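Colleague: The following comprises the amino acid sequence and a computationally predicted model.
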Amino acid sequence: MAAVVLVHGLYHRPEHFAVLAERLRTAGTEVVVPELHRGSLSADTAAVQAAVEVLPEPPIVLGHSYGGSVITGVRGAGHLVYLAAFVPDAGESAAGLGGASPQLRAAVVPGPDGSTGLHPERAVDTLYGDCPEPLAARAVGLLRAQAPGCGRGVPEHRSWKDTPSTYVVCASDRAIDPRLQRRMALRCTDVREWQSGHSPFVGQPDLIVELVLELLAARTPPGRNEGVTATGRGAGRVR
């Protein structure tokens, strides 16, 4: 069975991908969503690497936001998808590439133990501003505190150098500047552009389902569909 590994970003948790994961499973795809926030980029990367290694075939590995730094260090993926995500090169971190937008930084609230959280109202506007209100409220309710330092981690390996990759620019993103996204996207094999905010897996999950099924169909040998159907949109187009 075709497989997808979904990698969330800072302050998020696997439950943010629940609707997306269910729709992909309904389409016949195995879905794995590792839990991050393990204290460092290297620990988060190891958690995703372990998930990849137990799958029978190289999966599509999708990283959102900080999750891009995580998947950059993972070996053995069949295809990488960077969703409004960081694509670090040698010696680079998410923070060093430009990090969060001023609007997202303004939403950060320091905690008493050195961790940080996000102000709920500012998080709605910054992360989920284009999502229906009930979905945005649920997503904010799932946000969790974040230990410091992960965004300054540097991947030990750069998987996009030797693995096919697709970058999705979220053109209405308020958390990571779309201009920065477009610069990082130049490192990837394929670039798409969606008129969405930072979190399309909350407000527009079908866009991601469509992309994943397209990528899986492109990997399927002629005469076999593995339970996956293509959407008819050609790979390699920017849209």
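Modeller: That came through, no problem.
Colleague: Packing partners of the helix or strand hosting Arg192?
Modeller: Using DSSP states H and E, Arg192 falls within strand 190-194. Applying 3 or more Cβ pairs under 8 Å, 6 or more residues apart in numbering; DSSP states H and E, one finds that strand 190-194 contacts strand 165-170. (C-beta placed from N, C-alpha, C; glycine too.)
Colleague: Count the neighbours of Val19 for me.
Modeller: 17 (other Cβ atoms under 10 Å).
Colleague: same thing with Leu142?
Modeller: Leu142 has 14 nearby residues by other Cβ under 10 Å.
Colleague: quick one: contacts for it?
Modeller: 12-13, 15-16 (Cβ atoms under 8 Å, 6 or more residues apart in numbering).
Colleague: how close does it get to Val168?
Modeller: Going from Leu142 to Val168 by Cβ to Cβ, to the nearest Å gives 22 Å.
Colleague: and the helix of greatest length in the chain, what does it pack onto?
Modeller: Scanning the chain for the helix with the most residues, using DSSP state H, yields helix 205-219. Helices and strands touching helix 205-219, by 3+ Cβ pairs under 8 Å, 6+ apart, are helix 18-26, strand 60-64, strand 79-83, strand 165-170, helix 200-203.
Colleague: Any chance you could spot the residue sitting in the middle of the chain?
Modeller: What sits nearest the mean C-alpha location of the chain, by Cα atoms, centre = their mean, is His64, with 1.8 Å.
Colleague: what pLDDT does that one get?
Modeller: pLDDT for His64: 98.
Colleague: Kindly report the same for Leu41.
Modeller: Listed pLDDT for Leu41 reads 94.
Colleague: thinking again about what came up before, adding distance to Gly149 as columns, could you present the helices and strands packed on helix 205-219 in JSON lines?
Modeller: Listed next are these as JSON lines, based on distance: least, Cβ to Cβ, whole Å:
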{"stretch": "helix 18-26", "distance to Gly149": "28"}
{"stretch": "strand 60-64", "distance to Gly149": "18"}
{"stretch": "strand 79-83", "distance to Gly149": "22"}
{"stretch": "strand 165-170", "distance to Gly149": "25"}
{"stretch": "helix 200-203", "distance to Gly149": "25"}
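Colleague: Could you point out which of the ones you listed sits nearest Glu214?
Modeller: strand 165-170 (9.4 Å; Cβ to Cβ).
Colleague: Relative to the closest one, what are the paired strands and their orientations?
Modeller: Paired strands of strand 165-170, with direction, are strand 79-83 (parallel), strand 190-194 (parallel) (DSSP bridges).
Colleague: pretty sure His64 contacts His8?
Modeller: Yes: between His64 and His8 there is a contact at 5.9 Å, judged by Cβ atoms under 8 Å.
Colleague: okay, the strands paired with strand 165-170, which one's buried deepest?
Modeller: Highest mean neighbour count among those (mean count of other Cβ atoms under 10 Å): strand 79-83, with a mean of 27.
Colleague: Work out the gap between that one and the centre of the chain.
Modeller: 7 Å (Cα atoms, centre = their mean, to the nearest Å).
Colleague: And stretch 177-186, by the same measure?
Modeller: Offset of stretch 177-186 from its chain centre (Cα atoms, centre = their mean): 14 Å.
Colleague: Now tell me what touches it from outside.
Modeller: For stretch 177-186, contacts defined as Cβ under 8 Å, 6+ apart pick out 68, 82, 84-87, 97-98, 101, 167, 169-173, 191.
Colleague: again, only using 6 Å
Modeller: 87, 98, 101, 167, 169, 171, 191 (Cβ atoms under 6 Å, 6 or more residues apart in numbering).
Colleague: do the same with stretch 158-169
Modeller: Contacts with stretch 158-169, where a contact means Cβ under 6 Å, 6+ apart, come from 72, 74, 77, 79-83, 178, 181-182, 185, 187-193.
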